[in-house]
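S.K.: what follows is a predicted protein model with its sequence.
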Amino acid sequence: MVSKNKNPEKDGVSRRSFLQGAGAAAAAAGVARIPETVIAGQNGVATPEVLGPEAESILLKVNGADKKASAPPSTTLLDFLRNDVGVTGPKRVCDRGSCGACTVLLDGQVVDSCSMLAIDAVGKEITTVEGIGTPDNLSRLQKAFIEKDALQCGFCTPGMVVSCTALLEENPKPSRNQIREGLSGNLCRCGTYQNIIEAVEHVSRKGG
Ligand code: FES
Ligand code: FES
């Protein structure tokens, strides 16, 4: 079962670990690069290389394509995608890791892109709703969303589609409770949960 709530620790990226780290990061003028770039300081004591606050060149692999932009290292993955490289499928709603509207896949695992830094996604495969299907070539799940009327305002839909896709890839025959659990990190303020569940079940009946 893939769930942001249930399977969050892969590759050290999770809502909780980000939030724990965010407080310390916010207190610093810059952002410390992750451990592989720790360098030896005076007396041989390892000190983290500090990036920022100036912009850095950041190269990410998004939906199979290289996306490069200059951005401060404190830029979240969501901001980088939407503002710097024009990938607008992930939506900003709560901007604090509680609604799932910004859900993307990071090496196949669901993450809230508002709750991690873009620089922490360097070297990983990022998949947004745009990488799951296009208007001319919708995925089976996207078609099922349309057939089952699984959206109203549509604001939660990109994140829902990403989470449901990950769920079905990991478990092509989920029970209703497993679907509910898999979507527990995604909120729909319009309340279309029943239709979303039916869309997932529809795809599941056809083989995932
Ligand atoms: S906008 Fe990221 S979880 Fe709500
Ligand atoms: S369809 Fe409106 S928030 Fe889900």
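M.R.: On my side now, so go ahead. Ligands and ions are numbered 1, 2, ... in the order given.
S.K.: let me see the residues that make contact with stretch 123-143.
M.R.: Around stretch 123-143, the neighbours that count as contacts under C-beta atoms under 8 Å, 6 or more residues apart in numbering are 11, 60-64, 77, 81, 87, 89-90, 104-108, 146, 157-159, 161-162, 164-165, 168, 199-200, 203, 206. From N, CA and C alone the C-beta is placed, and that goes for glycine too.
S.K.: pLDDT at residue 10, what is it?
M.R.: Looking at residue 10, its pLDDT is 46.
S.K.: kindly report the same for residue 44.
M.R.: Looking at residue 44, its pLDDT stands at 70.
S.K.: count of neighbours near it?
M.R.: Using other C-beta atoms under 10 Å, residue 44 is surrounded by 6 other residues.
S.K.: what do you get for residue 158?
M.R.: 23.
S.K.: does the residue nearest to the spatial centre of the chain lie in a helix or a strand, and which?
M.R.: Geometric centre of the chain, nearest residue: residue 104, 2.8 Å, by C-alpha atoms, centre = their mean. Here residue 104 sits within strand 103-106, counting by DSSP states H and E.
S.K.: any idea which helix or strand in this structure has the lowest mean pLDDT?
M.R.: Between all helices and strands in the chain, the lowest mean by mean pLDDT, DSSP states H and E belongs to helix 15-27, at a mean of 43.
S.K.: what residues does the protein put near ligand 1?
M.R.: By C-beta under 6 Å from any ligand atom, the part of the chain that sits against ligand 1 consists of 92, 93, 94, 95, 97, 98, 99, 100, 101, 102, 112, 114.
S.K.: could you turn the buried ones of those into a PyMOL selection?
M.R.: Buried members of the residues of the chain next to ligand 1, defined by 16 or more other C-beta atoms under 10 Å, are picked up in PyMOL with:
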select buried, resi 92+93+97+99+100+101+102+112+114
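S.K.: can I get the residues of the chain next to ligand 1 in TSV including secondary structure, distance to residue 44 and pLDDT?
M.R.: Shown next, in TSV, are these (DSSP: H, G, I helix; E, B strand; the rest coil; distance: C-beta to C-beta, whole Å; pLDDT from 0 to 100):
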residue	secondary structure	distance to residue 44	pLDDT
92	coil	44	97
93	coil	47	97
94	coil	44	97
95	coil	41	97
97	coil	38	97
98	coil	43	97
99	coil	46	98
100	coil	45	98
101	coil	46	98
102	coil	41	98
112	strand	38	98
114	helix	39	98
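S.K.: same list, the residues of the chain next to ligand 1, but as TSV with distance to residue 46 please.
M.R.: Below are the residues of the chain next to ligand 1 laid out as TSV (distance: C-beta to C-beta, whole Å):
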residue	distance to residue 46
92	36
93	39
94	36
95	34
97	30
98	35
99	38
100	37
101	39
102	34
112	31
114	31
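S.K.: many thanks, have a good one.
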